[in-house]
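**Student:** please work out how this folds:
(chains A, B, C and D)
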2 protein chains.
Amino acid sequence: MEEHKQLFSDFLKTKGLKLTGPRQIILNTIFTYHRHFNVDALYDVIRKDHQNVSRATIYRTMPLLVESGLIKQSLRCQSKDHYEHIHGHDDHLHFLCIKCGNIIEVKSKVIDETLVQLAEEKKFILNDYNLGAKGVCEACSKKKE
Amino acid sequence: MEEHKQLFSDFLKTKGLKLTGPRQIILNTIFTYHRHFNVDALYDVIRKDHQNVSRATIYRTMPLLVESGLIKQSLRCQSKDHYEHIHGHDDHLHFLCIKCGNIIEVKSKVIDETLVQLAEEKKFILNDYNLGAKGVCEACSKKKE
DNA sequence: TATCTATTGAGAATGAATATCAAATGCAAT
DNA sequence: ATTGCATTTGATATTCATTCTCAATAGATA
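**Tutor:** Numbers count the residues shown, from 1 in each chain, chains lettered A, B, ... in the order given. A predicted model of the protein is given here:
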């Protein structure tokens, strides 16, 4: 069993919940196709192969995946909540283009370390962070108005 | 004229827009009472003294204030967009306690500078950023479960 | 004052996210 | 396999923050 599936299954078991068919489909799709995603886009991909998985179930599964530590809530874009993988990925920050909506992922050890240090100073137990920077990407800044 | 009012007025003028009565009321209320706020709470405060300012106008004014650089969008909390002052306040990040909901503001020159540098490398025109770190604050971590 | 826009309030509309509920499913113990 | 029972599901209705519509109004300028 793939690691993420095992982890999710274990998590569900501790809560007295079940790794059902739809939940497996959702989990697999997320970890096969998506790094960043929103429920709407995920729904479209899932529907191609599984016409019987409903939007409601996807919405219901998100908080479980977040609580399990496999994904986390990320930027909010075009009025939609976005999510991203945690399992298997380093912390990183996002440059979000306000023109085209594209997301550029950037890693920064300096920022990671600075945050850890700041948290220590404040005696704050740091779980995770979201850093979203807004602006205009190179491609869009070259386009004319 | 107070500085924030002057700045907003100037901004509006460059866009061919007007500093109207309702816009002044909104601006004043924000800079009198609120550091962090959402439209709903702002509406309630404004309504105490000005029954004729509508929700729609407040919603419409927010993007203008953001574009003028006086405020920025901040955390999203309880399904509501939140805003905070920029004018008169340095960039800062937030430690959000998941137990008590309290927000600790922290400033970090290192992070500010690192972001500017990263943006330059990616040829990204940086408008602003939001850094929200989740975890448990000192007070809550001392409480027993 | 007349004219031309920008703006407003009120209420309707939108749309992402959540709640409801009867039918279906997973699982454990027979 | 079969039963029993709590969990889960799909479909749909509902919620609620935010945006849109539109006729009426206000601001600036000449």
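
**Student:** and A:L126, how many neighbours?
**Tutor:** A:L126 has 16 neighbours, counted by other Cβ atoms under 10 Å in any protein chain shown. C-beta here means a position set from N, CA and C on the backbone, and glycine is covered the same way.

**Student:** hey, what's the residue of chain A found nearest DNA strand C bridged with?
**Tutor:** Closest residue of chain A to DNA strand C, Cβ to the nearest atom of the strand: A:D81 (3.2 Å). Counting by DSSP bridges, A:D81 is bridged to A:R76.

**Student:** if I pick it, what's in contact with it?
**Tutor:** Contacts for A:D81 (Cβ atoms under 8 Å, 6 or more residues apart in numbering or on different chains) come out as A:38-39, A:62, A:73.

**Student:** how about a cut-off of 10 Å?
**Tutor:** A:38-40, A:59, A:62, A:73-75, B:76, B:79 (Cβ atoms under 10 Å, 6 or more residues apart in numbering or on different chains).

**Student:** also A:R55?
**Tutor:** Applying Cβ under 10 Å, 6+ apart to A:R55 gives the contacts A:39-40, A:42-43, A:46-47.

**Student:** the contacts of A:D81: which ones sit near DNA strand D?
**Tutor:** B:S79 (Cβ under 7 Å from any atom of the strand).

**Student:** between the contacts of A:D81, which is nearest A:G16?
**Tutor:** Nearest to A:G16 out of the contacts of A:D81 is A:M62 (Cβ to Cβ; 19.1 Å).

**Student:** please tell me I have it right and the closest one contacts A:S74.
**Tutor:** No. The criterion here is Cβ atoms under 10 Å, and A:M62 misses it with A:S74 at 11.7 Å.

**Student:** identify the contacts common to those two.
**Tutor:** Joint contacts of A:M62 and A:S74 (Cβ under 10 Å, 6+ apart) are A:38, A:81, A:83.

**Student:** return the member of those nearest to DNA strand D.
**Tutor:** Of those, the one sitting nearest to DNA strand D (Cβ to the nearest atom of the strand) turns out to be A:D81, at 12.5 Å.

**Student:** and the gap between the closest one and A:K13?
**Tutor:** A:D81 is 27 Å from A:K13, where distance means Cβ to Cβ, to the nearest Å.

**Student:** with A:Y83 instead?
**Tutor:** Where A:K13 is concerned, A:Y83 sits at a distance of 23 Å (Cβ to Cβ).

**Student:** for chain A, which segments count as helices?
**Tutor:** A:3-14, A:21-33, A:39-49, A:55-68, A:109-121, A:138-142 (DSSP state H).

**Student:** the third one to helix A:55-68, inter-axis angle?
**Tutor:** When you say that, I think you mean helix A:39-49. 120 degrees (axes from the mean of the first three to the mean of the last three Cα atoms, to 10 degrees).
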